[in-house]
Each structure stands twice: as C-alpha cells, then as structure tokens.
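Enquirer: below are the sequence and a predicted model for it; my questions follow.
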Amino acid sequence: MEKLSKTARVLYKTVRILYRLCVACAVVAAAALVLAAVLPGESLREVISSADMTIELVTVKLQLSRPLEPTGNIRLFLCAAVGSAAASLVLAACALKLMFRILKPMAEGKPFGTQVSAALRRLALVTLAGILVSAVLGGAATLAELGMYDINQLFADGLVTGYTVEHTTEATWFLVPALLLLLSYVFQYGEELQRQSDETL
C-alpha cells in the first residue's frame, strides 16, 4: 500500500504542474483570441504565411505548385482556430483539476475515498465534452479556412500537385469516457465496502 501511495503522490504532483501549465496556456490562447478579434486585417494577413505550399482540410492535405494567397475572411479562421485551442485547454484544465480529487485520497493511502467515484463520473463527462467541442470547433475552423480561399482558384489546373489523406481514429476516443464511467462504478462499489468495513470496526 505504501508503494501505491508513493506513486499516487508523484502523480498528484505531476498533475498539479500540468494543471498550472494548462491554465497558463489557456490564458495565452485567450489573449491570442482577443488579438485575433481586434487586430487590423493586414496584420492578420501576415500571420497566414503566403510561402506555405500546403493547405490542410480536415484529414486531407493538398500540396500546391505555388503559394496561394488567402482572399477571404482571415479573422474568422483565426478566431475559430484559436477559440478551439482555448476551449480545449480550459476543458483539459478542468479534467486535471478533477484528477486532483481522484489522486489525493490515493496519495493519503485511502484509494476508496468518498469523492473518487463522483470525480471519475465528472471526468467522464468533461472528457466527452472535450471530444465534442474539439470536433465541432475544429470543423468550424476547417470550414473557415476553406472560406479564406477562392474555390475556383484552388482547383485551377495545375495548382494542386498532390494530396495526402491522414487516417484518424477520433471515434475511438469515445471509449475513454465510457471506461471512466465504468471505473466510477467500480470505485463506488469499493467505497461502499470501505464504508461497511469502517462501520464494523
């Protein structure tokens, strides 16, 4: 038990460091979102590199024969992309904070503390929310990026020289909240056994 408690204490300290880092990155992302919303259009245009010879659209990456200057709404794309990152960081910070509540009783040698199962259920919900938010905002950013370019010019003869398709397994991420929910019921059972044991003593 002492070895498990020691490992939990190390994990607890690591999660605290990650939480602070995540909060700091979320603040930076929020500041970047504000800048993207208020900076002049010409300054935003400089952010999008005209020398980039690729365009990524969801899982497809297009290779171009020459740089393609964006002509549409750059602000919308940057706000969507940075907003997606900021939302993901906020949800990650919430998940890490819930992990404090899970690891703290374990670090104290009480793996079946009364708050562990409830924290695991909340962590499952936050994880599910993170997956959905990432999919929705990521899709919005992709549509906004596509809207920056003239479709006729994008598919002009000879502009696209090749493409690659990146395989994603985002659907499997939905197994994570399901497993966390299952673990919460396992821990709830352990908490009940621990409570009965304490009452007997």
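Expert: Right, received. Where do you want to start? This is a predicted model, so every value here is computed, not measured.

Enquirer: CA only for contacts and neighbour counts going forward, please
Expert: Noted.

Enquirer: number of residues surrounding Y189?
Expert: Y189 is flanked by 14 other residues according to other CA atoms under 10 Å.

Enquirer: where's it relative to A118, distance?
Expert: 12 Å (CA to CA, to the nearest Å).

Enquirer: buried ones in stretch 185-198?
Expert: 187-188, 190-191, 194 (16 or more other CA atoms under 10 Å).

Enquirer: for A140, which non-adjacent residue is closest in space?
Expert: Nearest non-adjacent residue to A140, counting by CA to CA, 6 or more residues apart in numbering: A80, 6.5 Å away.

Enquirer: what do you get for F100?
Expert: For F100, ignoring the flanking residues on the chain, the nearest one in space by CA to CA, 6+ apart is Y12 at 6.3 Å.

Enquirer: who touches that neighbour in this structure?
Expert: With contacts defined as CA atoms under 8 Å, 6 or more residues apart in numbering, Y12 is in contact with 99-100, 103-104, 107.

Enquirer: center of the chain, which residue is that?
Expert: S88 (3.7 Å; CA atoms, centre = their mean).

Enquirer: quick one, grab the pLDDT at the nearest residue to E108 once chain neighbours are set aside.
Expert: Spatially, and ignoring its direct neighbours in sequence, E108 is nearest to S5 (6.5 Å; CA to CA, 6+ apart). In this model, S5 is scored at 71, pLDDT.
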